[in-house]
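[1] can't give you the sequence, but here's the structure:
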């Protein structure tokens, strides 16, 4: 499988102090591609598509034994490939794992589950995005790959942390890993005495202020080995600190050029962390796919299940666009809060310069239109930024959500901020006319060159023939009304219209001629 890795490789990517294989009746060379946290309630759910790796949170030994008994009765497709649990040191669990053919992995009791989940997803996401690790150090380098590469080049053990000292990635460890490294990877803070000494020595201040590599000597009293550290700082813009790369010296001395390697790794890590921060989350991608923004076929039931929304029933889609020039993405959190307060199962995402809200299980468009008007008004009042919105509701089912977003876009493309909240039905005239004009405008052969002749006549003679024609047509040929709007005598307008007919070589008493001229003038 191109978008997966083996269980052997995954376990090898995680710290040996964090996970330990207990039994693997089917071996550890099977391909894994997904991971999920399961609590005791999840163990009682009916069979269905599950993650390859199950992280069992807050479950007892008895819970897992009963679950294994239940899994033994299910088809192999309804079982995870591996189970990670903190209660794995049990003969009963090992027996159950063998009976079901599931790999059993022990997790250190001090490991934070959310950290282990994040690390596991990080490794799997790297494989999905860039393919299996090929050992290169290029543009598609992942943070874990970067850590392994730096470790190989410096001959040390590497940890990459964010600005809050949370571990983002790390290299493999050997027997020389000290307590500080082990506790950091387990998700706990390092020894308080050692951290205090680092603060006293100004290490953290220097990491924030400079790009220099800092040599942190060993602390024999606390059992802490020598380290090199370099700050990860934003490459462009303000010099914001994004994190730190630490290299612990092992049995062998660090390489002579370790400083140069770390300076290069700092620049690479800055780009990677910035890319990660700016990248859409997995949930965002799922919502965008459901809305038809990612192309290709869409497995609606699977996406609905992953997003924890009903797979059946009607829905509604609301699109928001700016009135004027401003970055609308900044308003996404406010719209998400308003939507969640209205419907807890609502989903909100940004696509291009628009924000979309999806409301599953909505049977009527009346309530959605009311909520949309209220949200637009509240946001404008609090931010002074004007929004306009289009509503598509009700949508028969989730299969129609992508088409509904297309309808919303049609409305937003064809309307202005004069009407803040509208629907396709309410704006159909403007939408269809706008699309007709766009179609004509995109085809040179559908443009009437005689309109250009009229514009040239005005430019050459400093006249107002086009304006007079547009006003005359807008007044349905009522000369007196049109003349009043133009502030000229009716006879003057009659002369101008006769002159226009000569220039265009058209008879404006002909309905077809009037229709053609109106469409061409709108362009």
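    All right, it came through fine. Computed from a predicted structure; not experimentally measured. Numbering: from 1, shown residues only.
[2] isn't residue 410 right next to residue 422, touching?
    No. In this structure residue 410 lies outside contact range of residue 422 using C-beta atoms under 8 Å: 11.2 Å. For the C-beta atoms, the positions are set from N, CA and C on the backbone; glycine is no exception.
[3] which intervals of the stretch 51-200 of the chain have sub-threshold pLDDT?
    By pLDDT under 70, the weakly predicted segments of the stretch 51-200 of the chain are 125-141, 187-190.
[4] which SS state does residue 350 fall under?
    Here residue 350 is strand, with the state taken from DSSP: H, G, I helix; E, B strand; the rest coil.
[5] ok, now which ones touch it?
    The contact partners of residue 350, taken as C-beta atoms under 8 Å, 6 or more residues apart in numbering, are 328-329, 332, 356.
[6] can you give me the helices in the stretch 1-150 of the chain?
    7-13, 61-71, 91-100, 113-130, 143-154 (DSSP state H, counting those that start in this stretch).
[7] picking up where we left off before, let me know the closest of the contacts of residue 350 to residue 61.
    residue 332 (44.1 Å; C-beta to C-beta).
[8] how near is the closest one to residue 349?
    8 Å (C-beta to C-beta, to the nearest Å).
[9] neighbour count winner among those two?
    Neighbours were tallied for residue 332 and for residue 349 using other C-beta atoms under 10 Å; the higher tally belongs to residue 349 (22 against 16).
[10] any idea how far residue 465 is from residue 486?
    Residue 486 sits 11 Å away from residue 465, going by C-beta to C-beta.
[11] now do residue 149
    For residue 149 relative to residue 465 (C-beta to C-beta), the value is 72 Å.
[12] show me what contacts the closest residue to residue 84 other than its chain neighbours?
    Leaving aside its sequence neighbours, residue 84 sits nearest to residue 105 (C-beta to C-beta, 6 or more residues apart in numbering; 4.5 Å). Contacts were defined as C-beta under 8 Å, 6+ apart; by that measure residue 105 touches 11, 19-22, 82-85, 88.
[13] Restricted to strands, list those.
    19-22, 82-85 (DSSP state E).
[14] next SSE after the longest helix belonging to the chain?
    When the chain is parsed with DSSP state H, its longest helix is helix 258-278. Sequence-wise, the next helix or strand downstream of helix 258-278 (DSSP states H and E) is helix 282-290.
[15] List the buried residues of that next one.
    286-290 (16 or more other C-beta atoms under 10 Å).
[16] Save those as TSV, and put in pLDDT and distance to residue 451 too.
    TSV is the format used below for the buried residues of helix 282-290 (pLDDT from 0 to 100; distance: C-beta to C-beta, whole Å):
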residue	pLDDT	distance to residue 451
286	85	48
287	88	45
288	88	41
289	88	44
290	89	44
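[17] Need those in TSV (columns: distance to residue 205).
    Shown next, in TSV, are these (distance: C-beta to C-beta, whole Å):
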residue	distance to residue 205
286	42
287	42
288	42
289	45
290	47
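[18] List the contacts of residue 151.
    By C-beta under 8 Å, 6+ apart, the neighbours of residue 151 are 157-158, 171-172, 247.
[19] What segments of the stretch 351-500 of the chain are helices?
    With DSSP H, counting those that start in this stretch applied, the stretch 351-500 of the chain shows helices at 365-383, 401-414, 428-441, 449-461, 465-474, 479-486, 490-504, listed in chain order.
[20] tell me the most buried of those?
    Each of the helices of the stretch 351-500 of the chain was scored by mean neighbour count; the highest is helix 401-414, a mean of 20, by mean count of other C-beta atoms under 10 Å.
[21] Any idea how far that helix is from the middle of the chain?
    21 Å (C-alpha atoms, centre = their mean, to the nearest Å).
[22] now that helix and helix 282-290, what's the angle there?
    80 degrees (axes from the mean of the first three to the mean of the last three C-alpha atoms, to 10 degrees).
[23] Please name every helix or strand in contact with helix 401-414.
    For helix 401-414, the elements it packs on are strand 315-322, strand 354-360, strand 387-395, helix 428-441, judged by 3 or more C-beta pairs under 8 Å, 6 or more residues apart in numbering; DSSP states H and E.
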